[in-house]
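Trainee: Build the 3D model from these lines:
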Amino acid sequence: QVRLVESGGGLVQAGGSLRLSCVASGRAVSSSTMGWFRQAPGKEREFVAAIRWTGSSTDYADSVKGRFTISRDNAKNTVYLQMNSLKPEDTAVYYCHVMWGGSPGYWGQGTQVTVSS
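Mentor: Residues are numbered from 1 along each chain as shown. Here you go, the predicted structure:
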């Protein structure tokens with residue numbers, strides 16, 4: 001069974017930065033696609049960023065391009081999300097996701113990010 005544990009969330013002022021981490025256990029993530037999603041109150045969960053197993057291919061939601069950077073360390077079974085220039089609309093619970101091939105994948109429990117104006 002794969003377990004994902006996120007950390008690094010918190011309260012920050014607009015314009016500030018946070019770095020989220022997600023550590024996977026139970027299976028090596030070296031051949032997986034790893035990503036971040038978020039869900040704001042009253043809204044559906046949405047895609048934020050993803051990174052392929054090689055680390056050289058990344059995707060971002062338009063709303064975070066140029067501000068967020070996803071990276072991974074396969075040796076540590078960890079994916080990161082560096083969030084800069086945070087805005088109040090970035091406030092949400094951020095979830096880590098990992099998948100192999102076409103499988104549904106696994107989710108973490110989420111970490112709260114709150115950006116004050």
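Trainee: Contact partners for the most centrally placed residue in the chain?
Mentor: Nearest to the mean C-alpha position of the chain, by CA atoms, centre = their mean, lies residue 36 at 2.8 Å. Each residue near residue 36 by CB atoms under 8 Å, 6 or more residues apart in numbering is listed here: 20, 22, 48, 49, 50, 70, 79, 81, 94, 95, 96, 97. All C-beta atoms are positioned from the backbone trio N, CA, C, and that covers glycine.
Trainee: do the same with residue 100
Mentor: Counting by CB under 8 Å, 6+ apart, residue 100 touches 31, 32, 33.
Trainee: Same check on residue 75?
Mentor: Under the criterion of CB under 8 Å, 6+ apart, residue 75 has no contact partners.
Trainee: hang on, residue 38 packs against residue 92?
Mentor: Yes - with contacts counted by CB atoms under 8 Å, residue 38 reaches residue 92, the gap being 3.8 Å.
Trainee: Grab the nearest non-local neighbour of residue 112.
Mentor: residue 9 (4.9 Å; CB to CB, 6 or more residues apart in numbering).
Trainee: Next, count neighbours for the one you found.
Mentor: By the criterion of other CB atoms under 10 Å, residue 9 has 19 neighbours.
Trainee: Tell me the predicted confidence for it.
Mentor: Predicted confidence (pLDDT) for residue 9: 97.
Trainee: my read: it touches residue 20, true?
Mentor: Yes - with contact defined as CB under 8 Å, residue 9 and residue 20 form a contacting pair (6.5 Å).
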